[in-house]
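A.B. asks: The following comprises the amino acid sequence and a computationally predicted model.
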Amino acid sequence: MNQKILRFDSILELQESVDKRIKELNNKIDLQSKLVGDKIRDGEKNNAEELSDLKGKLNPENSKDKKGDNKKDKNKKTDNKKKKSKKGTSENWIDYEGLHLYNGVGTRGELELYFKSLEEMKSESERLKKTRDSLEQLMKSGIKKELAGIGYEQHEGPYELAFIKSQLKHEKFSFKSILTVGCE
């Protein structure tokens, strides 16, 4: 589970933390994308009909719906207004108490969940990249890099930062040495 409140002892520490999260998310995105690709290839071998409309969603310019007449497209638009389904969901999903269940067994429901997850991870990665860039701009503008603070990570918004006095005590520089002088 993601931590929503993050304490940091310096802006550099916060920036490193954001960079680490970006790398982790990108690794998850790559792994999940490979998994989805494998599922689609396996599904093509086993059941091409079930995955044909998912391919249309992946490549909307190649789908059969786009090649139709303009009149048909207008009729489809009016039909879609009547259904009022949620964005990215198909009519195969059923609300059951506190759950959203796929009506069927097979790879299609699984793939739809993977696609939703990928979209969320990509948007979170973009948001974190914007945060990292903003922190770089903040440091370039002259803010002290040693400032400590607390950050709150919103689900779909920017980081909220509050600067506080650093808990770390910085030692003052001192030079201690022993001077020996030879006697004659």
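C.D. replies: Nice, thanks for sending it over.
A.B. asks: low-confidence ranges in this structure?
C.D. replies: In the prediction, the chain carries residues with pLDDT under 70 at positions 1-3, 44-90, 167-176, 179, 184.
A.B. asks: repeat that with 50
C.D. replies: 1, 63-86 (pLDDT under 50).
A.B. asks: Give me the longest helix you can find in it.
C.D. replies: Longest helix in the chain by number of residues (criterion: DSSP state H): helix 11-46.
A.B. asks: is the residue nearest to Gln154 when sequence neighbours are not counted in a bridge, and if so with what?
C.D. replies: Spatially, and ignoring its direct neighbours in sequence, Gln154 is nearest to Glu160 (6.8 Å; Cβ to Cβ, 6 or more residues apart in numbering). (Glycine included, C-beta is placed from N, CA and C.) Glu160 has the following beta-bridge partners by DSSP bridges: Tyr152.
A.B. asks: Can you show me the helices along this structure?
C.D. replies: Under the criterion DSSP H, the chain carries helices at the ranges 11-46, 48-58, 70-83, 107-140.
A.B. asks: Need these in JSON lines (columns: mean neighbour count and distance to Ile5).
C.D. replies: What follows is those, written out as JSON lines (neighbours: other Cβ atoms under 10 Å; distance: least, Cβ to Cβ, whole Å):
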{"stretch": "helix 11-46", "mean neighbour count": "14", "distance to Ile5": "12"}
{"stretch": "helix 48-58", "mean neighbour count": "14", "distance to Ile5": "37"}
{"stretch": "helix 70-83", "mean neighbour count": "9", "distance to Ile5": "41"}
{"stretch": "helix 107-140", "mean neighbour count": "15", "distance to Ile5": "15"}
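A.B. asks: Can you say which of those is nearest to Ala148?
C.D. replies: helix 11-46 (8.6 Å; Cβ to Cβ).
A.B. asks: any idea of the angle that closest one forms with helix 107-140?
C.D. replies: Relative orientation of helix 11-46 and helix 107-140, computed by axes from the mean of the first three to the mean of the last three Cα atoms, to 10 degrees: 160 degrees.
A.B. asks: if we can go back for a sec, of all the helices of the chain, which lies closest to Gly151?
C.D. replies: Evaluated over those, closeness to Gly151 peaks at helix 11-46, with 6.2 Å, by Cβ to Cβ.
A.B. asks: My read is that Ser166 contacts Asp9, right?
C.D. replies: Yes: using Cβ atoms under 8 Å, Ser166 is in contact with Asp9, at 6.0 Å.
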